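1. 3D model of this:
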Amino acid sequence: DKGGGSRLHKGPEVRAVVPVYRDAEVLDVSVGSLLESEYEDISVAVVTEPDDPETRRRARELAEENDEVDVLVNGDPGSKGTAINHAVRQCDADYFAVFDADERVSPDFIPTAMGELLDGAEVFQGRRVPRAVGPVETIAYCERALVNAGYAVCELLGFTGCGSASTVFTRDAFKTVGGYEDCLAEDVRFAHACNNAEFRVAHDRSATNTMEAPHTVRDLWGQRKRWRMGQVRASWGGLFDSLRRGSASGFVGSAFRAVGSVGL
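-> Residues are numbered from 1 along each chain as shown. Model (predicted):
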């Protein structure tokens, strides 16, 4: 669904989850912006990995400075997906929001998402774009705009993507799909699982967060290569899941997303 619910500035607790690995230098970006959210009832869980003491040290400093921030150590280390799953298991909240460490979250993002979830959506997906602060970063921004246009075409076929950043979901939705998978493209697999479960996924592109962009052409190519490899594997997996389930609507959306991932 296209977003259109009203914004809420207070209500049920929202647990913001920030999985981190070697992110000590950028962690202040996400945590700082979340603490400035216009939604009152929010707490932040920074999920660190056991072999990353530097990031955990910075996370604990932020927790000491802010009562709303907690630090967790991933009990099933090794991936972003398992870090998110660990955070959900460690909290009693019914609503969760996931962000990357370098993500600057808009103050009205959580109010917009909660308006949609309390209006009946199970999952909310906002938009996330690179910060265009230089030539390479601008290329990354333009490329991301093209990818977002491709996602919009998928939505015409009933497939609304939802990832592992700029995403808000209910505990019930998380439990229904079994959480995030331990794989390279956990966000794409989560999107296919939500599509196959026939969730109402609200997407509002006016709810836009920004992220750090690669600063060299080599880093940009490496990042996109990793993303595409993961997306292709996860998309084809989602396609075959739809075939096994015999879901016609899920099959069409998953098939288009799989082919689109190869093309992009």
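2. Pull the number of nearby residues for E54.
-> Neighbour count of E54, defined by other C-beta atoms under 10 Å: 12. The way it works is simple: take the backbone N, C-alpha and C, and place the C-beta from them, glycine included.
3. For it, which residues are in contact?
-> 22, 24 (C-beta atoms under 8 Å, 6 or more residues apart in numbering).
4. Would you confirm that it belongs to a helix?
-> Yes. Secondary structure of E54 (DSSP: H, G, I helix; E, B strand; the rest coil): part of a helix.
5. Look up the closest residue to the most centrally placed residue in the chain, ignoring the ones flanking it.
-> For the chain, A165 is the residue whose C-alpha lies nearest the centre (C-alpha atoms, centre = their mean; 1.8 Å). Excluding the flanking residues, the one nearest A165 by C-beta to C-beta, 6 or more residues apart in numbering is D100, at 4.7 Å.
6. And the one you found, how far from L27?
-> 10 Å (C-beta to C-beta, to the nearest Å).
7. So R144 belongs to a helix, correct?
-> Yes. Checked against three-state DSSP, R144 lies within a helix.
8. and the gap between the residue nearest to A165 and Q90?
-> Taken as C-beta to C-beta, the span from D100 to Q90 is 19 Å.
9. More neighbours: these two, which one.
-> Applying other C-beta under 10 Å to D100 and Q90 shows that D100 carries more neighbours, namely 23 against 14.
10. which residues does that one contact?
-> D100 neighbours (C-beta under 8 Å, 6+ apart): 18-19, 30, 165, 211.
11. try it again with 10 Å
-> Residues in contact with D100 (C-beta atoms under 10 Å, 6 or more residues apart in numbering) are 18-20, 23, 26, 29-30, 80, 128, 163-166, 209, 211-212.
12. Sort out for me which of these are in strands.
-> 18-19, 128, 209, 211 (DSSP state E).
13. Reformat the residues you listed as TSV; add neighbour count and distance to N74.
-> Listed next are the ones in strands among the contacts of D100 as TSV, based on neighbours: other C-beta atoms under 10 Å; distance: C-beta to C-beta, whole Å:
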residue	neighbour count	distance to N74
V18	30	12
P19	29	8
R128	22	22
N209	19	23
M211	21	21
